[in-house]
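Student: Have a look at this prediction, sequence included:
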Amino acid sequence: MRILRPRCSLGYFLKHFGPFPTSSHKQATQAAAAYLLYLRQSMHYLTEERGRPNAPDYRIYFKTSEGKYISPFHDIPLVAEKELDNDVPAKKTKKSDSEVLYNMVVEVPRWSNAKMEIATKESLNPIKQDVKKGKLRYVANIFPHKGYIWNYGALPQTWEDPKHTDKNTECCGDNDPIDVCDIGSQVCRPGQVIQVKVLGILAMIDEGETDWKVIAINAEDPDAQNLNNIEDVRKSRPGHLEATVEWFKKYKVPDGKPENKFGFGEQFKDKDFAVEIVKSTHEHWKALVQKRSAAGDIECKNVSCRDSPFKCSDDKANAVVQSAPAFGSALPVSSDVDKWHFV
């Protein structure tokens with residue numbers, strides 16, 4: 001077992017940001033307090049590794065800061081709320097749905113290749129590396145990109161219902177939580193939970209299924225206050241949206257598959273449209289965990305969802321994790337993962 005914890009102390013803050021002059025003591029104290037508050041909030045969810053990295057048995061399980069195991073799919077709330085010192089959620093201060101911050105579960109850090117994902121068909125839905133035809137999956141490096149070009153992950157408590165035909169794309173959902181591309185500057189780690197601002201959305205059609213890609217930015221990013229919609233991204237980051245379409249269009253081509261298609265003529269929809277899609281997939285998720293929609297092979301075990309027949313005890317959740325293989329040494333990764341592909 002290996003537990004990943006962010007470091008959080010005043011000494012750590014001073015080590016990285018340096019001492020402050022005596023005259024700036026008040027500002028330094030305020031800055032340190034704000035920084036430590038951010039880290040404390042980011043520690044609300046911890047991760048525990050099981051199995052061997054770069055092996056089929058590798059898993060990243062989630063737990064609260066109190067040590068209770070949870071599902072990142074079902075138990076982490078979609079909407080991020082500010083917290084008080086006693087961990088009681090504060091009243092919402094946002095004025096509209098489009099200004100709400102959402103929790104994002106990071107599955108894949110930017111510049112990495114391993115196709116990590118929430119295991120929707122396993123108890124407690126840990127993060128694992130996708131396997132196809134008995135082999136671990138890695139996304140190809142499509143020149144000039146190295147692996148994923150954003151932090152990639154999902155919004156918890158959302159579900160793209162495979163039996164629901166989207167009126168915009170005329171395709172059914174892909175049976176997964178809705179995907180998110182965080183365009184912030186921080187390179188995150190697998191299992192990190194960050195709060196993001198939704199900026200827009202891209203309608204990808206993957207093998208006949210609707211696979212929405214939400215474009216968002218980490219709320220703690222220095223550029224977050226200046227990026228409020230998809231047009232802001234287009235103006236301040238020339239070529240970024242075009243690169244995103246190109247990446248999603250071609251990332252499967254090295255595996256012998258055709259280019260992916262898109263709705264709306266490959267154009268991004270704005271923030272308000274994106275928020276409506278997020279809300280819709282949240283409603284589909286509610287129906288899933290309340291057994292109003294057929295779960296199929298989706299694992300809905302959770303520890304906190306009201307009115308859910310799938311809710312389980314902390315002891316049962318603990319048993320799931322304890323039955324997983326102990327954490328071990330990482331296996332080597334093939335040099336083929338670093339190969340350039342020109343398509």
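Tutor: Yes, it's here.

Student: In this protein, which strand is the longest?
Tutor: As assigned by DSSP state E, the longest strand anywhere in the chain is strand 193-206.

Student: Off-centre distance for that strand?
Tutor: Mean-position distance between strand 193-206 and its chain equals 10 Å (C-alpha atoms, centre = their mean, to the nearest Å).

Student: Identify the residues contacting A114.
Tutor: Contact partners of A114, counting by C-beta atoms under 8 Å, 6 or more residues apart in numbering, are N54, V108, Q129, L136, R137, Y138. Where C-beta positions appear, they are placed from N, C-alpha and C, glycine not excepted.

Student: out of the residues you listed, which are buried?
Tutor: Neighbour counting with 16 or more other C-beta atoms under 10 Å marks N54, V108, Q129, L136, Y138 as buried within the contacts of A114.

Student: Sticking with the residue nearest to the second one when sequence neighbours are not counted, tell me its helix or strand.
Tutor: Leaving aside its chain neighbours, V108 sits nearest to Y152 (4.2 Å; criterion: C-beta to C-beta, 6 or more residues apart in numbering). Of the helices and strands defined by DSSP states H and E, Y152 is found in strand 151-154.

Student: which strands and helices sit next to that strand?
Tutor: strand 101-108, strand 179-182 (3 or more C-beta pairs under 8 Å, 6 or more residues apart in numbering; DSSP states H and E).

Student: Specify the angle between the first one and strand 193-206 in degrees.
Tutor: I take that to be strand 101-108. Going by axes from the mean of the first three to the mean of the last three C-alpha atoms, to 10 degrees, strand 101-108 is angled at 70 degrees with respect to strand 193-206.

Student: Please list the residues outside strand 101-108 that contact it.
Tutor: Under the criterion C-beta under 8 Å, 6+ apart, residues 72, 76-80, 94, 114-118, 127, 147-148, 151-156, 177, 180, 182, 188-198, 216, 219, 278 lie in contact with strand 101-108.

Student: what's downstream of it, the next helix or strand?
Tutor: strand 116-118.

Student: that older thread, thought the residue nearest to V108 was touching I183?
Tutor: No. Using C-beta atoms under 8 Å, Y152 is not in contact with I183; the gap is 10.6 Å.

Student: Could you look up the SS state of the nearest residue to R52 once chain neighbours are set aside?
Tutor: With sequence-adjacent residues excluded and distances taken as C-beta to C-beta, 6+ apart, R52 is closest to G328, at 4.2 Å. The three-state assignment at G328 reads coil, by DSSP: H, G, I helix; E, B strand; the rest coil.

Student: pLDDT value on G328, please?
Tutor: pLDDT for G328: 98.

Student: next one: D336
Tutor: We have a pLDDT of 95 for D336.

Student: how many other residues sit next to G208?
Tutor: For G208, the count of nearby residues is 10 (other C-beta atoms under 10 Å).

Student: Below-threshold pLDDT in the stretch 1-150 of the chain: ranges please.
Tutor: 1-43, 82-98 (pLDDT under 70).

Student: Show me where it has its helices.
Tutor: Secondary structure of the stretch 1-150 of the chain (DSSP state H, counting those that start in this stretch): helices located at 10-17, 25-42.

Student: Quick check: buried residues in the host helix or strand of E246?
Tutor: For E246, the host element (DSSP H and E) is helix 240-250. Using 16+ other C-beta under 10 Å as the test for burial, helix 240-250 gives L241, T244, V245, E246, W247, F248, K249, K250.

Student: Quick one: work out the angle between that helix and strand 193-206.
Tutor: Using the same axes, to 10 degrees, helix 240-250 lies at 60 degrees relative to strand 193-206.

Student: Mind listing the strands the helix or strand following helix 240-250 pairs with, and their directions?
Tutor: Under the assignment DSSP H and E, the closest C-terminal helix or strand after helix 240-250 is strand 261-262. Within its sheet, strand 261-262 is paired with strand 193-206 (antiparallel), according to DSSP bridges.
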